[in-house]
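1. build me a model:
(2 chains)
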Amino acid sequence: MEAKIISEHYTKDEFIGIDGYKKHGGYEQIANAFKMQPKEIIEMVKAAGLRGRGGAGFPTGMKWSFLPDNGEERYLLCNADEGEPGTFKDRKMMERAPHQLIEGMIISGYAVNSHKGYIYVRGEYRHIIELLEKAIKEAYDAGYLGKNIQGSGFDFDLDVYSGAGAYICGEETGMISSLEGYKGQPKLKPPFPAVQGYLKKPTIVNNVETLASVKYILRDGVEAYRKYGTEKSTGTKLFSVSGDVQRPGTYEVPLGYPLKQLIEEECGGLKPGRKLKAVIPGGSSAPILNAEEAYKVNMDYESLQSVGSMLGSGAVIVIDDTRCMVDLLDVTLHFYHHESCGQCTPCREGTGWINKIANKIVKGEGRVQDIDLLETVAKNMMGKTICALSDAAAMPTISFVQKFRDEFEFYVREGRSKVKGQTYAQVHG
Amino acid sequence: MFQLANERVEKIKSEMKRYETKQSAIIPALYQVQEQYGWVSKEAIDFLSELMEIPVAEIREVFTFYTMFNQKPTGKFHLQVCTNISCSMAGGRELTDYICKKLNVKAGETSADGKFSVSKVECLGSCDTAPVMQNNFEYHENLNEAKIDQIIESLQKLN
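-> Residues are numbered from 1 along each chain as shown, chains lettered A, B, ... in the order given. Predicted coordinates:
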C-alpha cells in the first residue's frame, strides 16, 4: 500500500498556494527548526537515515557535515534538473506543492547555516519555474524568506535558475558550472562541492525530494520516520513508474517495498495478455533486471545493489514481452551519446561507439563480434571519467547484452528483431 | 537587422544583477533573444557580448552547449516530441513521423511557411503520460494521431 507522507496532499489544488499549504500544516516546521541548534537538525537527519533521493543515495546528514567550519559564505542548491529518463516525480512535487520544497529549503538552509539558496530547474519545466517564482514571492511576502525570518535572526534568500536542456547539469558539479554561467561540465572531485562549490564557496546540492523530506523528519521525529523503510534505507520514496503498466504515475511507498507489488497493486499490473520481460528500476542508467529478478527484488538501496542494479532516482520503467531489447538499448544509447558533455575521452568516444554499434545491429547490419564489442567498449568506459555519465551509458549496455543476449544474437544473425519479427525499416519506416 | 526589444534589454540588465556574477545571466539573456526571434543569431551574440561586456567566445560556448537554444531559425510553433525510452515504447517515434508527414517537414526542420518546426527531443519528464511533446513550452500528453490533428489544426488557425 502507498504510504503518503510527502505526497499526502498532492491531490488538493489548494495545496499549491501558500494559504492552502498553511491550512495543512505548511511552514509550521520552520518555527520548530528555529527552536533547535542547526547541528541538532543535522544530527536528526543523520539519525533518521535520510539518503539523497536524486540518484546516488548518499546520506544527506553526512553530506551536510562535510561543510568546513571556516566562516565562509555557503550556498544551498536544490537539484531540480530532473533529467534521468523515466523520472518525473520531482516535477509532480513542484507542480503540486511548491511550498513544500521552499519550506524544506529554509529548514535545510538553517541546518547548514546557509543564507542563499537556488533551485536549479531544467529549462523544459518553464511552467514550474513560473510556479516556483510565484511561490517564492508568496513566501517572502509572508515573512518566511528574507531577513530575520519569523524573528529568528536567521536570514535566507531563495531564487530560481533555469537550465537550458542538458542532462549533465543534473550532476552536481555540472549544475554548479551551469549556475555559474558556463557550459555545464562536471568538475574534478575533490574538492567536493561542500568544500569548494558554487563560486568556489562551500555548497550543498540536494535533490528536490531530499529537501522536502527534511521537513517531515522534523515534523514526525526520527523514530516515526524510521518506521518506514528498512534498517539502511529509511523512510518513504516517490517512485516514477512508466512503461508497460496499466496505471503509470508517481507513487509514494516505503523503501524496501516489493517491486512486484508496486507493479501489480499500485500500477494495476501489466496490460492484458502481456508478460513481464524486464524492469529498469532506477532510471535508464540503472542496470536492467530480468523478470525473475524484478519479481523478487525490493525497492531499497541495498536490495537493488544485491542484484547488481541501483535504486537511482526511483524511476521504474516496466517492459513487457512485446518489446525488442535491441531497439530499447539503441534508444537509450542515443540519449547518452547526445548528452555526453565531451570532456572525458572514454565517455565522449565511448558513448559514440556503443551508440553506433547498437544502431548498426538494430539496422540489421551488425556482425556477431559486435555483441562482444559492445560489452568490451562499455566495460572500458566504467570508472574512468570525471562524472558518472560514462558509467550511466555503460551499465545498461552491459546488462542488456548479458541478460538478453539471445535477442542480440538473433538480430545479428537474421537482420531483424526476434520479438517483432521485422526489420528496423519495416517497423520504423 | 537585429533589434532586441527594450523591455528585453532591461530584463537582461536586471538578470545581470540577480545572480552573484553577471556570467550567470548568459542563459537568461539567450532566452530573451530566443523568445523574440525564435533562435539566436551571430548578430544577437555580438549584441549580448557588447551589452553584457562578456567575450563573444564565452557566450557562444554557453549557447552551443545547451540543446534548448536554437542555432537556426525555428518555426513559430516548435513541436518537440520526446523519443526517449518510455515515449518510444508508447509510440513517440511513429508520432514524430506522423507529424512530419502531416506538416511536410523532416525532423529538425521548419515548414516552408515558417510556422512549424519539428524536433525529436530527450526525456521531458512526463513518462507517465507518454507519448509527450512540447509545443514551445506547453506540454501535450497522452498523445495519439487524433490529438495531434486537433493540436495542429488549432495552431494553424493562430497567426
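
2. and the strands in chain B, which stretches?
-> B:77-82, B:109-110, B:116-121, B:133-135, B:138-140 (DSSP state E).

3. checking residue A:278 next. Helix, strand or coil?
-> Assigned state for residue A:278: strand (three-state reduction, DSSP: H, G, I helix; E, B strand; the rest coil).

4. was I right to think it contacts residue A:319?
-> Yes - proximity of residue A:278 to residue A:319 meets the contact threshold set by Cβ atoms under 8 Å, at 4.4 Å. For glycine as for every other residue, the C-beta is placed from the backbone atoms N, C-alpha and C.

5. common neighbours of those two, please.
-> Common contacts of residue A:278 and residue A:319 (Cβ atoms under 8 Å, 6 or more residues apart in numbering or on different chains): A:288, A:325.

6. thinking again about what came up before, just the strands of chain B: most buried one?
-> strand B:77-82 (a mean of 24; mean count of other Cβ atoms under 10 Å in any protein chain shown).

7. can you tell me, leaving aside adjacent residues, what's nearest to residue A:159?
-> residue A:118 (5.6 Å; Cβ to Cβ, 6 or more residues apart in numbering or on different chains).

8. just the element for the one you found, please.
-> Assigned by DSSP states H and E, residue A:118 belongs to strand A:116-121.

9. buried residues in the next helix-or-strand element following that strand?
-> Heading C-terminal from strand A:116-121, the first helix or strand you meet, by DSSP H and E, is helix A:126-141. Buried residues in helix A:126-141, counted by 16 or more other Cβ atoms under 10 Å in any protein chain shown: A:126, A:128-129, A:131-132, A:135-136, A:138-139.

10. nearest to residue A:158, of those residues?
-> Relative to residue A:158, the closest of the buried residues of helix A:126-141 is residue A:136; by Cβ to Cβ it sits at 5.6 Å.

11. can you read off the pLDDT for the closest one?
-> pLDDT, residue A:136: 98.

12. contacts only, for it.
-> A:102, A:145, A:158-160.

13. now those as CSV including pLDDT and secondary structure?
-> Converted to CSV, those look like this (pLDDT from 0 to 100; DSSP: H, G, I helix; E, B strand; the rest coil):
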residue, pLDDT, secondary structure
A:102, 98, helix
A:145, 98, coil
A:158, 98, strand
A:159, 98, strand
A:160, 98, strand
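
14. for these, which one is nearest chain B?
-> residue A:159 (6.9 Å; Cβ to the nearest Cβ).

15. contacting residues around that closest one?
-> A:117-119, A:136, B:18-19.

16. out of those, which are buried?
-> A:117-119, A:136, B:19.

17. which two among those residues are spaced furthest apart?
-> A:136 and B:19 (14.6 Å).

18. circling back to that earlier point, export the strands of chain B to JSON lines and append columns for mean pLDDT and distance to chain A.
-> Putting the strands of chain B into JSON lines (pLDDT from 0 to 100; distance: least, Cβ to the nearest Cβ, whole Å) gives the following:
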{"stretch": "strand B:77-82", "mean pLDDT": "98", "distance to chain A": "8"}
{"stretch": "strand B:109-110", "mean pLDDT": "96", "distance to chain A": "17"}
{"stretch": "strand B:116-121", "mean pLDDT": "97", "distance to chain A": "8"}
{"stretch": "strand B:133-135", "mean pLDDT": "98", "distance to chain A": "7"}
{"stretch": "strand B:138-140", "mean pLDDT": "98", "distance to chain A": "8"}
